[in-house]
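Novice: sequence below, structure please.
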Amino acid sequence: MNDFLIKELVNCDLLSEINSIDYDKSYAPRMVDKFRYKNLKIYGLTAAQANILKQSALSVGADCATPKDTITGMIENANCILGGSISQLQKIAVKLGVQPFGLRQLGRKIEDYIKISARDSVKTQIMGILNVTNNSFSDGGQYIKYEDAITHLNSMIEEGADMIDIGAESTKPYSAPVNPEEQLEKIIPVLEYISGHNIDIPVSIDTRCAEVARKCLDAGATAINDVSGLGYDKDMVKVIADYDCPVIIQHTKGTPDIMQDNPSYENLMDEIYNDLNDKIAFAHMNGIKKENIIIDPGIGFGKTREHNFEILKRVEELRGLDCPILLGLSRKSLLDMPDADNQTKDIFTAALNTLAIERKVDIIRVHNVKLHRKLIDMLCK
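Specialist: Below is the predicted model:
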């Protein structure tokens, strides 16, 4: 009797594994598509569309979960879960291409999603945080003096930051807005230093205010990080479109003064995904180029600790929006260590950001650049 030995392949290079068993190398790349499996949630189908999608899936050996009333047609909108290998999904997309009820467009969307998910993400970039505030949750007041801000700026650049995010308004839970004049008083001198010393590094401005954004872009900033997702100041979208600059659009539930008052969701990732999709569409409709949009699920912005960890575990789901993903969890409350010093918080932040890097998040926003540069260089050789 044979003593069979079985091992599961997890998070591996499938092509290398297939080649290692002396499989036909000319066919190996196509075989990889047969082993890569995806579950896609598809929203807002009619009963007819859902029934055809299910039959198309079954015909190629895949499957599609549909609401129980779909088969009777007694349902107006159906959310479905389509599961299959990449190879099966490609065949389903082809089949949908000859179906009625607008399913040809769904077939194209599935093909587009396969292409998006197959892209190799660039090496995760580091956004260093420069808070020139007196009340930020972890370093409030530490860099409020010009000299201290400049010293920290130079340190982060030397330590390997790919970009710098400067903010003069704390948006921690229960914080109040800061007027534009006070924000500009702290930010503009730093931008003038960067410009005057010919420092070549992308600089984003962490602000919800269109006036601050405009004047900072005039002073040399290259991007805007709007934690309200273009929802706080109605003029922000026009500023971004006029300056043709990158913008970070974040999901948040409520403004900082109320966002942590018992936040709740029926389906966390669905609501974040749909909200960001709507914001991307709004930005594009108002003249912001798709290639200028970066998305942020908003760790700590209207979320409980459990919500934050679910986002971290499932952040790859946001890849379907076809925008670079930024994640900012540095020193935040999900660490559950309010009395710990920043050095300890940074160690645990790096541990969690290891998961973000493995999940191919494009940008991580951090306080400790040096630690995360070592981490990325170690993980992404």
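
Novice: residue 326 and residue 298 touch, don't they?
Specialist: No: judged on Cβ atoms under 8 Å, residue 326 makes no contact with residue 298 at a distance of 9.9 Å. (Glycine included, C-beta is placed from N, CA and C.)

Novice: show me whatever sits in contact with both of these two.
Specialist: Both residue 326 and residue 298 lack any common contact, where contact means Cβ atoms under 8 Å, 6 or more residues apart in numbering.

Novice: ok, residue 282 - contacts?
Specialist: 230, 237.

Novice: please identify which helix or strand holds it.
Specialist: helix 268-285 (DSSP states H and E).

Novice: avg pLDDT for that helix?
Specialist: Model confidence over helix 268-285, given as mean pLDDT, is 96.

Novice: the next helix or strand after it - contacts with which helices or strands?
Specialist: Per DSSP H and E, the first helix or strand lying C-terminal to helix 268-285 is strand 293-296. Applying 3 or more Cβ pairs under 8 Å, 6 or more residues apart in numbering; DSSP states H and E, one finds that strand 293-296 contacts strand 247-250, helix 268-285, strand 326-327.

Novice: repeat the analysis, applying 7 Å as the threshold.
Specialist: Strand 293-296 sits against strand 247-250, helix 268-285, with contacts defined as 3 or more Cβ pairs under 7 Å, 6 or more residues apart in numbering; DSSP states H and E.

Novice: which residues are contacting it?
Specialist: Strand 293-296 has contacts (Cβ atoms under 7 Å, 6 or more residues apart in numbering) with 246-250, 276, 280, 283, 318, 321, 323-326, 328, 363.

Novice: and of the residues you listed, the nearest to residue 210?
Specialist: Closest approach between those and residue 210, by Cβ to Cβ: residue 247, at 11.7 Å.

Novice: which residue ranges form the helices in the stretch 251-381 of the chain?
Specialist: According to DSSP state H, counting those that start in this stretch, the stretch 251-381 of the chain carries its helices in the segments 268-285, 305-314, 342-358, 369-379.

Novice: the helix or strand containing residue 149: what's the following helix or strand?
Specialist: In this structure, residue 149 is located in helix 146-158 according to DSSP H and E. Following helix 146-158 in sequence order, the next helix or strand is strand 163-167 (DSSP H and E).

Novice: partners of that next one in the sheet?
Specialist: Strands adjacent to strand 163-167 in the sheet, as given by DSSP bridges, are strand 125-131 (parallel), strand 203-206 (parallel).

Novice: mean pLDDT, distance to residue 287 and mean neighbour count for those - can I get that in a markdown table?
Specialist: A markdown table is the format used below for the strands paired with strand 163-167 (pLDDT from 0 to 100; distance: least, Cβ to Cβ, whole Å; neighbours: other Cβ atoms under 10 Å):
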| stretch | mean pLDDT | distance to residue 287 | mean neighbour count |
| --- | --- | --- | --- |
| strand 125-131 | 96 | 25 | 24 |
| strand 203-206 | 98 | 19 | 26 |
